[in-house]
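[1] Give me a 3D structure for the following:
(chains A and B)
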Number of protein chains: 2
Amino acid sequence: MSDGEFGPLSVPRRMLLGPGPTNVHPRVLRAMSTPITGYLDSAYFEILEEISEMLQIIYQTRQTTMVVAASGSGGMEAGLNSLIERGDKVIMCSYGHFCDRMIEMAGRLGAEVVSVRSEWGRAMDPALLADAISANPDVKLVTAIHAETSAGVLQPLEELSRLTHEAGALFLVDMVTSLAGAEVRFDDWEIDYAYSGPQKCLAGPPGLSPVAVSDTALDYVRNRATKPSSWYLDIDLISRYWGPEHVHHHTSPVSMMFGLREALAMALEEGVDNRIKRHAHTAAGLRAGLNALGLNLPVPAAERLDQLTVIEVPAGIDDNAVRQQILNEYAIEIGRGLGEFKGNKWRIGLMGESCQPQNVLAVLAAFERVLPLHGFEVAAGAGVAAASIELGKHEIPVP
Amino acid sequence: MSDGEFGPLSVPRRMLLGPGPTNVHPRVLRAMSTPITGYLDSAYFEILEEISEMLQIIYQTRQTTMVVAASGSGGMEAGLNSLIERGDKVIMCSYGHFCDRMIEMAGRLGAEVVSVRSEWGRAMDPALLADAISANPDVKLVTAIHAETSAGVLQPLEELSRLTHEAGALFLVDMVTSLAGAEVRFDDWEIDYAYSGPQKCLAGPPGLSPVAVSDTALDYVRNRATKPSSWYLDIDLISRYWGPEHVHHHTSPVSMMFGLREALAMALEEGVDNRIKRHAHTAAGLRAGLNALGLNLPVPAAERLDQLTVIEVPAGIDDNAVRQQILNEYAIEIGRGLGEFKGNKWRIGLMGESCQPQNVLAVLAAFERVLPLHGFEVAAGAGVAAASIELGKHEIPVP
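    As a prediction, the model looks like this:
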């Protein structure tokens, strides 16, 4: 190997309007370039405590918050790994790709999985869970996803939680795409375990999973009959490192924690409620523009996410060719469909740092330019015009 | 929550001379502040391919290399999770704290563990493994640690590998502290799975685990009877994301990969052999100074690590009080003992970016100043003088 054959890092510019990661604010990027401390240094523990306090505010909880040193799927697995023992019966609400991922994980962990399937692109009717619980009164754990990123749907949680606790089970919820982009009330909704990712509405870098754990769930994992099969993703061990004893577990990803800490501080400076409103107003602008272009948004208005908008790929249009042209010519990334939505849906994320009015105008202008080249006629300028009227109705200060 | 109560990130300066993480080069820190791409972007795949190629050079392998999105312990668990099925017999060589961690993980994964214990602070005699294999001819996997960070010992691997393959088993090795700081020959030594961390001799940030996997091991995990219990740490799934198909798995930690990529490029610019020599010469300087201060280095000279030096805490001296004073007054972090060495050993790491002659002088000067205050008399200036003579014997260019 000759010296320097690889040269310096070269990364193209991207406007990230897919399902995540989103763009990252320069202040968060700068925080990651801070010279590091050790992970057993009391100065570092103070930063972890700040992160934990900030997460309590954002999750709206007085219970335990901490960060799993893995991406959002690692937070998903940490919860399932810690709350499932082999042979446990688990009812898993399923209405999208990431619900299927949870089912795959639970099966590997030896759970007896009862999946409650409902239509992709619609919120699930809680009556389906009630039926499943009636048929499986020995259920130990119920799982759901608050904002299904593959399907673009917001799932109300209060009734699911009530049914779960009536049955004496624990309630585990995916909040990867909802946290800081939609109302989240961990304590009021009596959730037992929730996980998220920094790379969505928190406007941080991908690679960590901030979680919240109820006292009941923590007590369960500390007293279960068998140890969780994963040591790295054991919520008990992670909580003992984050807790006042700071028991040595694995090496903490220091630079990423610096970035997450700064992203959380920025969310609180903006105000979580303001950030949620920014997501709503910006998404309204996008939807107005897409409607004006004659594109179909299949999720019913009352069930839609603001963070992520699902678009029907028009008949006869090549999903991939359009996305690639928008990426190659305008450096804008939009998302493809997954699972049932592969090839027939696009997904536009407006989350965190990417949730800005000028990004709405840019992606609509790109659609106006590219769609006719692929055979879908649109009135030039109609999308941008409709969006700017809608966006103009609100002041949307972007930090 | 009032705005800005948390204020900006504040991190104290540290000279990191513990067991890791070490300091990170400014070029690597800068790389982590590069605006990100999506993790399914072809530009990002090119960066992953570069990382993979660079790791092949550093691991000295033509087989599969990739990065587990978790810290070194995550790389450890990914290997065990992927190569152990419930009920498999695993022989685990044990001569330090991290060997015990491997045993804990394998037990949780349902392995029938045969632990071969030998003295902490000494390399293990391969005859012990030969005996264990004779008694357990149905062994499926043998594990060892190349550079035991808790014990400061370099374990020769060739004979262990030969015995393992004669028995028809796979050979899994921890190279967290050895990679880029000691000779590593993955293919020649016929290792089946090795994992490392960027936060040691690679001079990168903590939070990832670069791994190498033999064709045999990859074939095994792709054809095993049951799926690994962890989905997140499944080497088959990770390899399919890193491979040419780039199959969607979890969200990749983009910023950390940028940092790792730059750290690997810097290691190759320096030359891995030069970096290994730098570790040897710098450690020789430290040892000369510690000897001159009358401190005891318990690991026999032929078995010592260069990356990490174990020091006997002198009788009657408070381990923690000395470390805290060196940290508080001189901002130098040195390591405590773990397990059997808790309270009775210090550990000084000189790895990667922290492996510099001026750091040797600084830590020796701090010892000269602090030890007498705790009742251990030393001749003022003796350590620094002896070290500078030893360091002066070699030119040690630091990138």
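
[2] Which helix in chain A has the most residues?
    For chain A, the longest helix by residue count, based on DSSP state H, is helix A:272-292.

[3] what about dumping the CA coordinates of that helix to PDB?
    The C-alpha coordinates for helix A:272-292 follow below in PDB (Å, rounded to 0.1, in the frame of the first residue of the first chain):
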ATOM      1  CA  VAL A 272     -40.500  21.100  21.900                       C
ATOM      2  CA  ASP A 273     -44.000  22.500  21.300                       C
ATOM      3  CA  ASN A 274     -42.700  25.100  18.800                       C
ATOM      4  CA  ARG A 275     -40.800  22.300  17.000                       C
ATOM      5  CA  ILE A 276     -43.900  20.200  16.800                       C
ATOM      6  CA  LYS A 277     -45.700  23.200  15.300                       C
ATOM      7  CA  ARG A 278     -42.900  23.800  12.800                       C
ATOM      8  CA  HIS A 279     -43.300  20.200  11.600                       C
ATOM      9  CA  ALA A 280     -47.000  20.700  11.200                       C
ATOM     10  CA  HIS A 281     -46.800  24.000   9.300                       C
ATOM     11  CA  THR A 282     -44.000  22.900   7.000                       C
ATOM     12  CA  ALA A 283     -45.800  19.600   6.200                       C
ATOM     13  CA  ALA A 284     -49.000  21.500   5.400                       C
ATOM     14  CA  GLY A 285     -47.000  23.600   2.900                       C
ATOM     15  CA  LEU A 286     -45.600  20.400   1.300                       C
ATOM     16  CA  ARG A 287     -49.000  18.800   1.100                       C
ATOM     17  CA  ALA A 288     -50.600  21.800  -0.500                       C
ATOM     18  CA  GLY A 289     -47.900  21.800  -3.200                       C
ATOM     19  CA  LEU A 290     -48.100  18.100  -3.900                       C
ATOM     20  CA  ASN A 291     -51.900  18.300  -4.200                       C
ATOM     21  CA  ALA A 292     -51.600  21.200  -6.600                       C
END
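
[4] quick check, stretch A:331-339 touching chain B?
    Yes. If you take Cβ under 8 Å from any Cβ of the partner chain as the test, stretch A:331-339 does meet chain B, through A:333, A:338. In short, each C-beta sits where N, CA and C put it, glycine included.

[5] Show me how far that stretch is from its chain's centre.
    Chain-centre distance of stretch A:331-339: 15 Å, with Cα atoms, centre = their mean, to the nearest Å.

[6] Can you give the contact residues for that stretch?
    Stretch A:331-339 is contacted from outside by A:12-19, A:96-97, A:100, A:120, A:150, A:308, A:310, A:313, A:319-320, A:323, A:326-327, A:342-349, A:362-363, A:366, B:37-38, B:41, B:248, using Cβ atoms under 8 Å, 6 or more residues apart in numbering or on different chains.

[7] before we move on, the earlier item: where's the helix or strand following the longest helix of chain A relative to the chain centroid, distance-wise?
    Downstream of helix A:272-292, the next assigned helix or strand under DSSP states H and E is strand A:308-312. In terms of Cα atoms, centre = their mean, the centre of strand A:308-312 is set 16 Å apart from its chain centre.

[8] picking up where we left off before, quick check: mean pLDDT across the longest helix of chain A?
    Averaging pLDDT along helix A:272-292 gives 97.
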